[in-house]
Structures are given as C-alpha cells and as structure tokens.
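J.: Fold the following for me, if possible:
(chains A and B)
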Amino acid sequence: MLSAAQVARIRNDFPVFDREVAGTPLAYLDSGATAQKPATVIDAEQDFYAQRNAAVHRGAHTLAVEATEAFEGARAAVAAFVGADPDELCWTKNATEALNVVAYGLANASAGLGGAEAARFALGPGDTIVVTEMEHHANLVPWQQLAARTGAGLRWIPLGEDGRLDLTDLDDIVDEHAKVLAFSHVSNVLGTINPVGALVERARRVGALTVLDACQSAPHLPLDLHGLGVDFAAFSGHKMLAPTGIGALYGRAELLAALPPVLTGGSMITTVTMEGAQFMAPPQRFEAGTQPVAQAVGFGAAVDYLRHIGMAAIADREEALAQRLVEGVARIPGVRLLGPADAADRIASVAVDVQGVHAHDVGQYLDAQGVAVRVGHHCAQPLHRRYGVTASTRASAYLYTTDEECERFLAALAEVRGFFGADS
Amino acid sequence: MSGLDQLYQQLILDHAKRRTGNMPLLGAAEPPVGASHQINPTCGDEITVEARRDPATGRLLVRWDGEGCSISMASASAMTELAEECDPEGFNALEARFHELMHSRGQAQPDEEALGDAAAFAGVSKFPARVKCALLAWMALKDAVYQIEGADRA
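T.: Numbering: from 1, shown residues only, chains lettered A, B, ... in the order given. The predicted structure is shown next:
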C-alpha cells in the first residue's frame, strides 16, 4: 500500500497537479475517463520526436533502426505488463477500435474470408452473442452490429440491484448456441470487478470465445491475461498514464493467427498481386498503415512507470480510497450510490445519483470547488436505465489521488442539494 | 457574483422548478401540431416540444415533456412563456437572438426587454459545456415551428 508520502512523491511526477481550478488546487477525480500523465510519459513522446523519429519496420538507417527498437520495445513492455506475449499484442488507436477489430473480424469470417482456419469464427442465425447489461457502449454496439450483419442473436447477463452481475441464469444465457461472451473486467460506472474466472469457465464449457474489456482493470489492478484465460482483450493507453491515440488488442496467439484482418493495406502484407494479397503474421497483420509510433513509445513509458510503483501497491491503495469514497457517500442524505456498497471487489470509482439534482448540475457545482468529476451516462445508457436514471456523477481515483481530494469531493457533494433547493 | 451564481441565477432555479409548459403532450390534433424530439447525446437529456398556432390569436401554444438538468428545464420553461406571446415569425426572431446570446461566450449584453426571463441565461454562455443544455428546448421548438410554417406553405 502506498503511504501518504509516496502519493505526494507520485504527484510531483505529474505536471498538471501544479495548476489551480476555481482558485484552488485541482482535485482530479476523473481518471476513469482519462488519466493524467507523468513527466516520463510526456518526455518519452517528445524525446522520440526530438531524437529518433523515423518510419518503423523499413529503412536501414540508424534512426529507422532506433525507432523500430523503441516501437517494439514498447510492445514488449506493454505485453509483459498485462501478462501476454509480444506477438499477441496489436496496437490499435484505442480499446473501441480493438473491440471492433474482433467484432468485424468475426463478421469477415462469417462472410467466408480467412479460409478454413477462420471458419471457427463464423456466426449465423441460431448462434448467439452474449454481453452484459453493464457494458460500455464500446463493448455493446459492435456486437449489436455483428448480430445485425450475421443474423446471430444478442443476449445479455442482467445486473442485480447490488451493482453486480446477476449470474443466476448464466447457464441458460450462455448456452450451447453462444459463440461469443464479451464482458467488462471492471465496470466503468459501478466500479464492480466481475468474476472473470466463472464467466470464462462457462464460456469454455460451451465453446464460446471470450472477449474482455480491460479498460478499467489494466490501469488499476495487476493483470495477467494468460492467467485469466480469456481469448481476446482490449484496453486503452490513455486511461493508464499513456498518451491518447494508442490502445491494444490482445488475442491468444492461435486465434490472432486465424482471425481475418479488418483494416487492410500497407505494412500488413507479404505479397500483393493485382488479383489478391497475402497477409503478414500477427501482430503486423492487424496494424495496417503508419502506426502511432510516438504514442506507443509513450505507452511503454507509462507501463514502466506503473511497474516501478507496483500494481499490487496501487491496487491496495485504491481499495482504501474506494472504502473512503463508498463510506463517505453513504453518510450523505439524498445521495444514492450506484454499484457495490462495500469496498470488496470494486475499484475506487463511485457513481452517484443525487436526488432532485441533475448530474450536470452536480458536476458544475463540484467544478466550482475545483473538483473534477464525470457527469452523464458514461457511455453506458442501458446500465443507467437499469437503475432508473439517465445520468450519474462519477468520481474516479487513481494512484495519485489523495485522501484530502476524496474528502473535498464528499464535502462538496454534501452541499449540492442545499444549493439547488432539493433538500427542502 | 461568482461564476456559479451567474450560471444559476435565482430566476433560472425558479424556472427549473416551475417548468411552465411541462404537461402531457397532445399528439396528433387539430389544428396541425409541430412536434420535435431533441437529445443531448453527452448526457442523455431529452425533450419533446409540441407547438400549435392558436387559430383565434395567431400566437403559439407550446407544451413540452422532458428530462434534464436545471439549465435545460429552466430554459424550456422561460422559452414557453416567451413563445406563447409570439406568432411563428416573432418566435423565430426571438430564437435567433437567444441563439446569438448563447454563443457570445459571455461577451454580449442581453436585450432584457426582448428576451425577458431568457436574458438571465446570459451567464450560461460563459460555460461552453452548458450552452447545449440551454439551447435544447429552443432547437426543438424551432423545428416544431418550422413544421407549422411548412403546413401553412403546403
């Protein structure tokens, strides 16, 4: 667990914490949307442009070699960070693209592309795709599209009142018709950590592919994709201290080797004739066109930073923050916590509904106190509908969050209903 | 006055509670009804606005149903009170004025005589993230009025 002194030292690594908002130091509680960046990440990106900028995987000159080494070195670092082999990690521009690469890859296989090897990915009428009611739109809409394109059905695992998946009917929902089970490791709204083991076990039993949205777990928890046994996983760099514009798709080696590519063109082929083309092996097969090289290098610096601090220590620290936030919210009259009411199996991200006050107004009031939170539906409209609201207010912490910032959030939250006359 | 107090003037908070015009919708009815549903995709706020022209006076009759933040609800309420004093042409002129005010980034002085309670929203224009909230109902009514004018032209 990180001490207060360690958190203070970590904060010194983040230039943004020098600035003020509304005349007070910034209390940034919106890391679930995007994390702040340490100087090492900003410097790595700048240093790449200043010292090593060149096209990767081509050219024999010194800069090209150095750029390729930096690019592939970042891949190895990020792969190791999530418990994968380097060849199992494809760069994408974000997790949304990664999830779409899988969904559209399956659509391509369903259309007959990829030959006999890809036949295992084909879907059609009678098959089902299973998601959950808590999904971010990025792990829902691509599957709706795949269902529409292939004639497969879409089913989902419902949410319980307690903010956890209701697995009562799991065996019925994930039955022998299920070809895909796509689910979040951690809910971006509720903070719930899902039971990956139970879900993977059920999917394996019926031969369904598992696709893990790891956007909210990779930044906050020690992650071992090989250990979890999922088939595919997606995560975004910018939520884990890296630049925007870079994310990753993980796929088990044998699956990536059989999955038809979605984006095609330069840098992903071996031979091209006027009649057709042959593709490179993964991961290059899924990296058509010029890649976000500087961003990838920044991603490598980000995971180096996180590894240096230690993911176990970060997870322990965030559990303490989760407890502080959950207990603090419970003490405020007229404020309902969406999501698990205890600190176990959840990250330090709390979404609340303030009775009688719209989330936008809550966020505006907090911003006037220098407290930055996310308001809205957080790209999870079905989840909000499930709990009878259109929007919520979410405070999400990270390794640099202080106890005092959580207390400032809680104190301001306690004033909101009074300001808007909702307590009278 | 602090930025927050400029945004949430008492007049706005009062309108957010009063919600003039917030009542069950008519649906298809005589005389022809213009209706428009607008969504703010960032927060999921939505509003449906219906408008008719009173055959006797030529003025607009407005009803709306929606859910949203205090700015969007107050704006719908203030708009309804103003629009019911107007014929379609008068509303369009008013809407243009309000639209300009909302995009003034806090620089414009509102014409309080023309805009009435809607002048209180001048402070909203300093908060770019909230301009859409203030304009949601106005966009819907503008669309509904356009439909009424279209029915006239047909």
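J.: Could you pull up the contacting residues of residue A:354?
T.: Shown in contact with residue A:354 (C-beta atoms under 8 Å, 6 or more residues apart in numbering or on different chains): A:334-336, A:362, A:393, A:413, A:416-417, A:422. Glycine gets a C-beta too; all of them are placed from N, C-alpha and C.
J.: In helices only, show me the residues you listed.
T.: A:362, A:413, A:416-417 (DSSP state H).
J.: follow-up on the earlier one: for the contacts of residue A:354, which single residue is the most surrounded?
T.: Neighbour tally across those (other C-beta atoms under 10 Å in any protein chain shown): the maximum, 29 neighbours, falls on residue A:393.
J.: you'd agree it is up against residue A:355?
T.: No. The criterion here is C-beta atoms under 8 Å, and residue A:393 misses it with residue A:355 at 12.0 Å.
J.: per-residue confidence for the residue of the stretch 101-250 of chain A found nearest chain B?
T.: Nearest residue of the stretch 101-250 of chain A to chain B: residue A:137, at 10.9 Å (C-beta to the nearest C-beta). In this model, residue A:137 is scored at 97, pLDDT.
J.: list the contacts for it?
T.: A:379-381.
J.: do the same with residue B:99
T.: Residue B:99 touches B:135, B:138, counting by C-beta under 8 Å, 6+ apart.
J.: quick one: it from chain A, how far?
T.: Residue B:99 sits 20 Å away from chain A when distances are taken as C-beta to the nearest C-beta, to the nearest Å.
J.: Could you tell me whether that residue really is in a strand?
T.: No. Residue B:99 sits outside any strand when classified using DSSP: H, G, I helix; E, B strand; the rest coil, being helix.
J.: Okay, it and residue B:139: tell me how far apart.
T.: Distance of residue B:99 to residue B:139, computed by C-beta to C-beta, to the nearest Å: 9 Å.
J.: Pull out the buried residues from the longest helix along chain B.
T.: The single longest helix within chain B, with elements called by DSSP H, is helix B:128-153. Buried residues in helix B:128-153, counted by 16 or more other C-beta atoms under 10 Å in any protein chain shown: B:130-145, B:148.
J.: May I ask which helix or strand encompasses the closest residue in space to residue A:171 that isn't next to it in sequence?
T.: Nearest non-adjacent residue to residue A:171, counting by C-beta to C-beta, 6 or more residues apart in numbering or on different chains: residue A:202, 6.8 Å away. Assigned by DSSP states H and E, residue A:202 belongs to helix A:196-206.
J.: chain center to that helix, what's the gap?
T.: Per C-alpha atoms, centre = their mean, to the nearest Å, the displacement of helix A:196-206 from the mean C-alpha position of its chain is 21 Å.
J.: gap between the helix or strand that it is followed by and the chain center?
T.: Of the helices and strands lying after helix A:196-206 in sequence (DSSP H and E), the nearest is strand A:209-213. On the basis of C-alpha atoms, centre = their mean, strand A:209-213 is displaced by 12 Å from the centre of the chain it belongs to.
J.: same check, this time on stretch A:321-341
T.: 23 Å.
J.: What mean pLDDT does that stretch get?
T.: Mean predicted lDDT for stretch A:321-341 stands at 97.
J.: cool, stretch B:100-117 as well?
T.: According to the model, stretch B:100-117 has a mean pLDDT of 91.
J.: so who does residue A:152 touch?
T.: Contacts of residue A:152 (C-beta under 8 Å, 6+ apart): A:123-129, A:146, A:179.
J.: Could you identify which of those has the most neighbours?
T.: Neighbour max across the contacts of residue A:152 (other C-beta under 10 Å) = residue A:129, 27 neighbours.
J.: Tell me if that one really is in a helix.
T.: No. Going by three-state DSSP, the assignment for residue A:129 is strand, not a helix.
J.: For it, give me its contacts.
T.: A:123, A:143, A:146-147, A:152-155, A:178-180, A:182.
J.: Mind doing that once more with 10 Å?
T.: By C-beta atoms under 10 Å, 6 or more residues apart in numbering or on different chains, the contact list for residue A:129 reads A:103, A:106, A:123, A:142-144, A:146-147, A:150, A:152-156, A:177-182, A:208-209, A:211.
J.: Return the members of the residues you listed classed as buried.
T.: Counted by 16+ other C-beta under 10 Å, these give A:103, A:106, A:123, A:142-143, A:146-147, A:150, A:152, A:155-156, A:178-182, A:208-209, A:211 as buried.
J.: In helices, which of those appear?
T.: A:103, A:106, A:142-143, A:146-147, A:150.
J.: on that earlier part again, relative to residue A:287, how far out is the residue nearest to residue A:171?
T.: 32 Å.
J.: For chain B, list the residues in contact with chain A, please.
T.: B:2-5, B:7-8, B:10, B:13-14, B:16-17, B:40-46, B:67-73, B:127, B:129-130, B:132-133 (C-beta under 10 Å from any C-beta of the partner chain).
J.: how does it look with 8 Å?
T.: Within chain B, the positions near chain A by C-beta under 8 Å from any C-beta of the partner chain are B:2-4, B:7-8, B:13, B:17, B:42-46, B:67-71, B:127, B:130, B:133.
J.: List buried residues within the residues you listed.
T.: Of these, these count as buried by 16+ other C-beta under 10 Å: B:4, B:7-8, B:13, B:43-46, B:68-71, B:127, B:130, B:133.
J.: In three-state terms, label the residue nearest to residue B:23 when sequence neighbours are not counted for me.
T.: Spatial nearest neighbour of residue B:23, excluding adjacent residues (C-beta to C-beta, 6+ apart): residue B:63 at 5.4 Å. Following three-state DSSP, the label given to residue B:63 is strand.
J.: again with residue A:74
T.: helix.
J.: Same check on the one 4 residues further on?
T.: Classification of residue A:78 into helix, strand or coil gives helix, according to three-state DSSP.
J.: again, but for residue A:320
T.: Applying three-state DSSP: residue A:320 is helix.
J.: What is the neighbour count of the residue lying closest to it once chain neighbours are set aside?
T.: Excluding the flanking residues, the one nearest residue A:320 by C-beta to C-beta, 6+ apart is residue A:1, at 6.7 Å. When neighbours are defined as other C-beta under 10 Å, residue A:1 has 12 of them.
J.: which other helices and strands contact the lowest-mean-pLDDT helix or strand in chain B?
T.: Ranked by mean pLDDT, DSSP states H and E, the helix or strand of chain B with the weakest confidence is helix B:3-7, at a mean of 86. For helix B:3-7, the elements it packs on are helix A:359-367, judged by 3 or more C-beta pairs under 8 Å, 6 or more residues apart in numbering or on different chains; DSSP states H and E.
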